[in-house]
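*Asks:* okay, here's the prediction I keep looking at, along with the sequence it came from:
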Amino acid sequence: MRRFVRRGVPAAAVAIAVVATGTAASGAAYVMTAEPRTRPPAPARPATSPPATVVPASEQPSALKRVVPPDFLVISGRPVSKKQLGQVSRLSHVRDLITVDAGAVRLQGGKANMFAVDPVRFRSWTPPGTATDDALWSALGRDQFVVSDDVQRQLGLRSGVQYPIQGRAQLMATMGGAGSLGLPGINVLVARATGRKIGLVPDIGLLVNAPGADLNTLQSGLRRAVGAQSQIINLHEQQYQPQARKGAPRGRANSYLELYQQAAGTCPGLSWTVLAAIGQIESGHGRNVGPSSAGALGPMQFMPATWRSYGVDGDGDGKADIMDPFDAVPTAAKYLCASGAGRGGGSLSNAIWHYNHSQAYVNAVLSLSRAYARRFS
């Protein structure tokens, strides 16, 4: 639970994400941009015609010559300098590296982590099926945005439709397509020119290819080169590999939708749509799990002190893990129920206020809860 006031109400209810394995796919690496100063424009309207844009020569799509599998993703505490790039390039076995602009944005009422890239160079760093999809890279060159497959499903996005994107600045942009981006927690791509308009942080992300390297040694070298404050993610670690959750018993939730529904059943009178609304507002259904600026953690953004009092072992694995949605969502239900959420009406509003001491937050949760109820009725 974060002690801050939310700015604005999410634009629309969105489809609910599949539960991520661990925390990797749900926002392991991201950089927050400043909150927008204005309310979002109306969401999702059809683009009447393709944007008239002069595409820079460096961003024209070109034939794919090779695929470069990234070994490390680095999100630095500040823009990576030429000196630092030189130090990284001299590390043993490093063959290729590329910088990107990055930031966390709001897209169609949810949170997303965005990279701004040069399409010609960056396409080689994506999975082969995406790298060879000329339509995606042509769309980026036309100032459209591309999303990961899961975000397209979660947010109900459609190609050819304009959506509001909010970072330090806000703009309307057309979705140009979807594909596997292959990077944990990174789910939207734009061209660098578009990223500058949104206010992404320049050159704060770095991808490194080092075939044959000892990964522990390389990780230590990267930390020396780019600074201890950086997030350095070994993309070969098991938690960053797409896989089904192992050992899940029958009847167990396998999506956030089912998890919200099951958890609400532990508190008679509490609608699952309230949990869904909190899950979307707090973490985008597990895509951004913190820590927040206040120190809140996990898909439901609990403060550690609160978790110690209310944490639930929802999956019966012997521990209550603040980062595990199978524990965090039932804990949210327990906390809300203890504050009277099951009685509805003013008691529900009061319980939501105790979750986050802000009337704007209460209004946002109730509004989004009603939107979920309409969508899934």
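*Replies:* Good, I have the coordinates.
*Asks:* mind listing the helices for the stretch 251-377 of the chain?
*Replies:* In the stretch 251-377 of the chain, the helices defined using DSSP state H, counting those that start in this stretch lie at 256-264, 272-283, 304-310, 325-338, 345-355, 359-376.
*Asks:* what's the average pLDDT for the fifth one?
*Replies:* In this model, helix 345-355 carries a mean pLDDT of 92.
*Asks:* for that helix, packing partners?
*Replies:* Helix 345-355 makes packing contacts with helix 272-283, helix 325-338, helix 359-376 when contacts are defined by 3 or more C-beta pairs under 8 Å, 6 or more residues apart in numbering; DSSP states H and E. Just so you know, the C-beta spots here come from the backbone N, C-alpha and C atoms, and that holds for glycine as well.
*Asks:* looking at the helices of the stretch 251-377 of the chain, which is nearest to residue 189?
*Replies:* When the helices of the stretch 251-377 of the chain are compared by C-beta to C-beta, helix 272-283 sits nearest residue 189, at 21.2 Å.
*Asks:* can you give me the angle that closest one makes with helix 359-376?
*Replies:* With axes from the mean of the first three to the mean of the last three C-alpha atoms, to 10 degrees defining the directions, helix 272-283 sits at 120 degrees from helix 359-376.
*Asks:* domains of this protein?
*Replies:* Structural domains assigned to the chain are 30-240, 256-376, following automatic domain parsing.
*Asks:* worst average pLDDT in those?
*Replies:* domain 30-240 (a mean of 80).
*Asks:* and it, how far from the chain's centre?
*Replies:* Relative to its chain's centre, domain 30-240 lies at 12 Å (C-alpha atoms, centre = their mean, to the nearest Å).
*Asks:* repeat for stretch 340-358
*Replies:* The answer for stretch 340-358 is 27 Å, by C-alpha atoms, centre = their mean.
*Asks:* quick check: end-to-end length of that stretch?
*Replies:* End-to-end distance of stretch 340-358 (C-alpha to C-alpha, to the nearest Å): 17 Å.
*Asks:* tell me if I'm right that residue 74 and residue 227 touch.
*Replies:* No - in this structure, residue 74 is not within contact of residue 227 by C-beta atoms under 8 Å, at 9.7 Å.
*Asks:* show me where the chain has strands.
*Replies:* For the chain, the strands defined by DSSP state E cover 45-46, 72-75, 96-107, 110-117, 145-148, 161-166, 170-179, 188-191, 201-209, 231-234.
*Asks:* thinking again about what came up before, winner for burial among the helices and strands packed on helix 345-355?
*Replies:* Comparing the helices and strands packed on helix 345-355 by mean neighbour count (mean count of other C-beta atoms under 10 Å), helix 272-283 comes out on top with a mean of 26.
*Asks:* show me the contacts for residue 339.
*Replies:* Applying C-beta atoms under 8 Å, 6 or more residues apart in numbering to residue 339 gives the contacts 347, 350, 351, 354, 355.
*Asks:* out of these, who's nearest residue 303?
*Replies:* residue 355 (10.7 Å).
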